[in-house]
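S.K.: model the structure of this input:
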Amino acid sequence: MRVLASPALINRWLNPYNWLLNTHLERQGVDVGGAAPWRLLRGQGDLCHLHWPDHMFNQRSAARAAMGSRAFLHLLREGRRQRMRIVWTVHNLRAHDGQHPALEQAFWPEFLSLVDGAIHLSRAGRDAAETQLPELGERRSFVIPHGHYRSEYVPTRNRDGARAARGLSGADPVVLFSGRIRPYKNVPALLRAFREYDNPRAYCLITGAPASRELRQELQSFGQADRRVRLELQHLRRADLANALTACDLVVLPYREILNSGSALLALSLDRPVLVPRRGALAELADAVGDTWVRCYDGELTGRVLSEAITWARQTARSARAPLGQFGWTAIARAHRHAYAVVCDRASASESTLATIVRAVSPNAGVEAVAQ
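M.R.: Residues are numbered from 1 along each chain as shown. Next up is the predicted model:
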């Protein structure tokens, strides 16, 4: 089977999710290539697998967003005209930065009319997607989890060494937020909660590039007001990010809205406990790995919630490694290969057949398929 993926392999150093998925698919005998425009126009794949079709709406220029979305839809129509099927992994239900809501609102119905199958990263994500975009309920649907990042993020220092490099002692309570800093990730709420945490030896590390100058300035104001706040407001190299995660006691991801979170899987890949809101796929993640590794809170993040979570992270007995066996890429790639075959009418779409194949791939893997 020939699959055109967007993206395929080119974004490994920004987010290795696609590289991990597609290299493991190649090991399963799937021929994966990038979804270049000429390949779509010529229908050079059996299937096109899309991940972030909304990306053009994150740019500032409305003209570019409009032209980009129209050209993108034209390419997909031409590919389908030549019998190429289209699968969408539903990472988000709208563009994160929401620069052009009117253009985006017009885009989704046209895009969904071209989609043959949808891959969701969690059951909660599938339910939310089919509620907000009812057309997806009429498509072939698969729930296949996000894989871990253990092979891609390897620290070069142990915990004490990673702390010493940042001037921290082994006894200091340290919480961390990492990732691209966008408004929906609600990082100022973490800093407000941390300000209420009355421990002069505690530290809050914020790593990642802010999406706007205004957001950068807001975070810097917290750093100026509280010496315990450490800001590294740039994209960290992979080893540096792994070391930062290794240095902390607790990763906090205080998202206002979330469908799926690769950042939570990244933290767990480095065996760091996580505090997250009970939203989207995060409650399912807590069920999958256990409440010694993922702690969920309801409502707003407060100083009390954060204080209790720090105590939990530092005093709870847990295994040396987070239990991520069900997030292994071999099983995930096999489940994708089967989903492709179903969408291309090369495998049975019955629920019983799908369930049998999934169990054979990885017992208790948390991979689910729904035939429509």
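S.K.: mind checking the backbone torsions on the nearest residue to Asp31 once chain neighbours are set aside?
M.R.: Spatial nearest neighbour of Asp31, excluding adjacent residues (CB to CB, 6 or more residues apart in numbering): Arg2 at 4.7 Å. Backbone N, C-alpha and C define where each C-beta goes, glycine included. Main-chain dihedrals, Arg2, degrees, to the nearest 10: phi -100, psi 120.
S.K.: wouldn't Arg2 be in contact with Gly43 here?
M.R.: No. Counting by CB atoms under 8 Å, Arg2 stays clear of Gly43, with 10.1 Å between them.
S.K.: quick one, which of these two is more surrounded?
M.R.: Gly43 (16 against 13; other CB atoms under 10 Å).
S.K.: residues contacting the more buried one?
M.R.: 78-79, 81-84 (CB atoms under 8 Å, 6 or more residues apart in numbering).
S.K.: report how many residues lie close to the closest residue to it other than its chain neighbours.
M.R.: Excluding the flanking residues, the one nearest Gly43 by CB to CB, 6+ apart is Gln82, at 2.8 Å. Gln82 has 12 neighbours, counted by other CB under 10 Å.
S.K.: likewise for Val274?
M.R.: Considering only other CB under 10 Å, Val274 is surrounded by 26 other residues.
S.K.: could you do Ala333 as well?
M.R.: Count around Ala333 with other CB under 10 Å applied: 23.
S.K.: which residues of the chain score low on pLDDT?
M.R.: Scanning the chain for pLDDT under 70 picks out 96-98, 348-372.
S.K.: now do the domain split for it, please.
M.R.: What automatic domain parsing lists as the domains of the chain is 2-147+328-370, 159-323.
S.K.: now these as a markdown table including distance to Tyr153?
M.R.: Shown next, in a markdown table, are those (distance: least, CB to CB, whole Å):
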| stretch | distance to Tyr153 |
| --- | --- |
| domain 2-147+328-370 | 8 |
| domain 159-323 | 4 |
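S.K.: just to revisit the earlier point, so the residue nearest to Gly43 makes contact with Leu40?
M.R.: No. Contact criterion CB under 8 Å: Gln82 and Leu40 do not qualify, at 9.1 Å.
S.K.: before we move on, back to that, just the buried members of the contacts of Gly43?
M.R.: 79, 84 (16 or more other CB atoms under 10 Å).
S.K.: farthest pair in the contacts of Gly43?
M.R.: Distance extremes for the contacts of Gly43: the farthest pair is Glu78 and Arg83 at 11.3 Å, using CB to CB.
S.K.: contacts only, for Arg321.
M.R.: Contacts of Arg321 by CB under 8 Å, 6+ apart are Asp271.
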